[in-house]
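Asks: Pasting the sequence and the predicted coordinates here, then a few questions.
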Amino acid sequence: MFRLCSIDVIVLIDRENILGYAQIIRSMQGKPLLYYDGYTFYNKSTNNFRTRWICSTHHRKKCRAAIYTMDSRIVKKNTVHNH
Ligand SMILES: [Zn+2]
């Protein structure tokens, strides 16, 4: 059973306009997942305070979609999926 620990909301902002929302889902034992637009992404790396999330099918389907977050904002995204 997948037990949720917490869900954080990440906001996609273009200047002052909110363009969308993503969620960071943390399970009790698992690693955090970012959920955006029907796809899940996992935390690949964090540097310069920026976290890179890559599509959870990255290895299986070679999907190159990725989202970069900083604090609680999406700062960059490539959400073109190949699946
Ligand atoms: Zn994908």
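Replies: Everything's here; your move.
Asks: so where's the protein shaky on pLDDT?
Replies: 1-5, 13-15 (pLDDT under 70).
Asks: which ones are touching the most centrally placed residue in it?
Replies: Nearest to the geometric centre of the chain sits Leu34, at 3.3 Å (C-alpha atoms, centre = their mean). In this structure, Leu34 makes contact with 10, 22-25, 40-43, 53, 67, 69, judged by C-beta atoms under 8 Å, 6 or more residues apart in numbering. Any C-beta I mention is one placed from the backbone N, CA and C, and that applies to glycine too.
Asks: 6 Å instead?
Replies: Leu34 is in contact with 22, 24, 41, 53, counting by C-beta atoms under 6 Å, 6 or more residues apart in numbering.
Asks: Please identify the helix or strand for it.
Replies: strand 33-36 (DSSP states H and E).
Asks: That strand vs the ion: in contact?
Replies: No: applying C-beta under 5 Å from the ion, one finds strand 33-36 separated from the ion by no less than 10.4 Å.
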